[in-house]
Every structure is written in C-alpha cells, then in structure tokens.
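K.L.:
Sequence first, predicted model second:
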Amino acid sequence: MSEAVHPAAKSAYRRILLKLSGDSFGRPGETGISVTSVDSIALQIKNIMRSGAQLAIVVGGGNILRGRALAASPNINQATAHYMGMLATVMNGLALHDCLESVGVPSRLQSAIRMEGVAEPFIRRRCIRHLDKGRVVILAGGTGSPFVTTDTAAALRAREIDASVLLKATRVDGIYSDDPEKNPHAVRYSEISYQDMLVQNLGVMDAQAVHHCKEHNLPIIVFNFKKAGNIERVIAGERIGTRVVSPAQLSEARVDTTTG
C-alpha cells in the first residue's frame, strides 16, 4: 500500500466518534468490500491519529447486506434480518482493523454481538481505556439489538464514551434542503439546528440518532469523506460539510452553496 504523508494539524476535538457507512467500504454501485477503499480509509485515519485525537469508529454494513431491505422478505423474520445486517458490520470491522494495523495504527475491534473468536465484546470502560492508550476502537454489531440503525448506534456510543463530536462520513458534502442527486437546485446548509433537521425530515441521519444528540447537546458534522483530506480538515476544526447544533450555537450564515 502506498502511503501519503501529510503534516498533521492539531485536532480540535479530544475524543471523536466517526460513523462510516457500509458504502464507505465498497465501490459505488457494487456490493462487497473494496480493499482499495478500506486502505484509503486506513491512511486517512492514520493522519487523524497523528493529530492527537482519540478516535472510535462505528461501522455500517450496507455494502454487504441491508437488514432493513431483507426484512421485507416474507420468509425471513424481521429481527433475523437485522441480526444479519449486524454481522455484516463485523465483516467490515475486521477488514478495517487489519488495514489499520498494516499501516501501523494500533486498533481494537469490539462487537455488540459477542464473538470472542474475532472481536472483543463492547465494554464501555475497556473501550475508553483503549482510547486513552492511543488505540483506534472499531465498534461493530450496532447496538446488539434489532430495529436500531447504525446511525443511532453511533449516537449512543458517542454518548457512552463522552465523545466531543459525532462525525458522519457520507458521499455528499453535507445536508441539503433536498436530495442533491435528484434536485440540482437543492441548497446546502452550512449549519442547521437539531430541531430544524427533524422538522424538515432531512433524511441524511436517522431521526432517533438526532434526538439522542439533541438531548446531550452533542454536535454532529456531516461531510464528504471521499474528498481527499476532508477527514483531516474536519478533525482540525475547518468548516466543511454541515454542522448540526443547538439553536444557541448557530451562527448567522446557515446556507452555503459551496462544496466542502
């Protein structure tokens, strides 16, 4: 794997929860795991760790299997379908764990579904201890319960480990008034309140996840991680993507048509 080394900017956050969707692990329009994509994520994470941040990562599994879609089958119980989706996140977690270790980033894989042969069980205090020791902690298996999205799992884990921010990495550069892939006139918000995001039903993140962040006043940043260097930029505190915060934390400029 070739490695690009960039100067590490100091992190603006002490402890970060990064949500990576299953799509992050594959190629657009394809299913399965792309080693090239995972290698790219690993190198970006290496730069994050050089900034001094503590990093936990919740991984999705949609590139392998979407439990919600499978639940529509009349022959598979909905709970079973969701458990299958959780197992897919563990596969992505294993791939990311090995790629991180291959570039010299110490990491641990923890699963909400017990499978000690391949991953540690998620234990809050153990997770925090790993973070304090400078290890990346990959959190797989969702919450271990069906009918809960990995977005909600990310919000819950962020609260459990007392993260400073929840970063949601997506393939678009923030939150828009409408789907930018379908509506070319959609505008991007530079900032939006939790309440406005819920009222406008902006579906970039599960509503239950937004509620959890709102209750704890935990900032959310939605950004395009596919753009080279964006993860490092958002960690350094640059204003890219869309910030979701309380009304009191909003600045006057809320709509921005630039990309980030």
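P.N.:
Received it, and whenever you're ready, just let me know what you need. None of these values were measured; they are calculated from a predicted model.

K.L.:
all helices of the stretch 1-150 of the chain, in order?
P.N.:
Per DSSP state H, counting those that start in this stretch, the stretch 1-150 of the chain carries helices over the ranges 35-50, 67-70, 78-102, 124-132, 150-160.

K.L.:
Tell me which of the ones you listed sits most buried.
P.N.:
helix 150-160 (a mean of 24; mean count of other C-beta atoms under 10 Å). C-beta coordinates here come from the backbone N, C-alpha and C atoms, glycine included.

K.L.:
Which other helices and strands does that helix contact?
P.N.:
In this structure, helix 150-160 makes packing contacts with strand 15-20, strand 54-59, strand 165-170, helix 207-216, judged by 3 or more C-beta pairs under 8 Å, 6 or more residues apart in numbering; DSSP states H and E.

K.L.:
returning to that earlier point: indicate which one of the helices of the stretch 1-150 of the chain is closest to Val222.
P.N.:
Nearest of the helices of the stretch 1-150 of the chain to Val222, taken as C-beta to C-beta: helix 150-160 at 10.7 Å.

K.L.:
And the contacts of the closest one?
P.N.:
Contact with helix 150-160 is made by 17, 19, 21, 56, 58-61, 89, 112, 124, 127, 139, 142-143, 163, 166, 168, 205-206, 208-210, 212-213, 216, 218, as judged by C-beta atoms under 8 Å, 6 or more residues apart in numbering.

K.L.:
And it, how far out from the chain middle?
P.N.:
10 Å (C-alpha atoms, centre = their mean, to the nearest Å).

K.L.:
between that helix and helix 124-132, how many degrees?
P.N.:
Interaxial angle, helix 150-160 versus helix 124-132 (axes from the mean of the first three to the mean of the last three C-alpha atoms, to 10 degrees): 80 degrees.

K.L.:
between helix 150-160 and strand 54-59, how many degrees?
P.N.:
Per the same axes, to 10 degrees, the angle that helix 150-160 makes with strand 54-59 is 160 degrees.

K.L.:
I'd like the average pLDDT over helix 150-160.
P.N.:
Across helix 150-160, pLDDT averages out at 97.

K.L.:
Can you list the helices and strands that the helix-or-strand element of the chain with minimal mean pLDDT packs against?
P.N.:
The least trusted helix or strand in the chain, going by mean pLDDT, DSSP states H and E, turns out to be helix 67-70, with a mean of 74. Contacts defined by 3+ C-beta pairs under 8 Å, 6+ apart place helix 67-70 against helix 78-102.

K.L.:
The helix it packs on packs against which elements?
P.N.:
By 3+ C-beta pairs under 8 Å, 6+ apart, helix 78-102 packs against helix 35-50, strand 54-59, helix 67-70, strand 107-111, strand 136-140.

K.L.:
ok now the third one, how far from the chain's centre?
P.N.:
Relative to the mean C-alpha coordinate of its chain, helix 67-70 is positioned 20 Å out (C-alpha atoms, centre = their mean).

K.L.:
which regions of the protein lie under the pLDDT threshold?
P.N.:
Counting by pLDDT under 70, the ranges of the chain that qualify are 1-8, 252-260.
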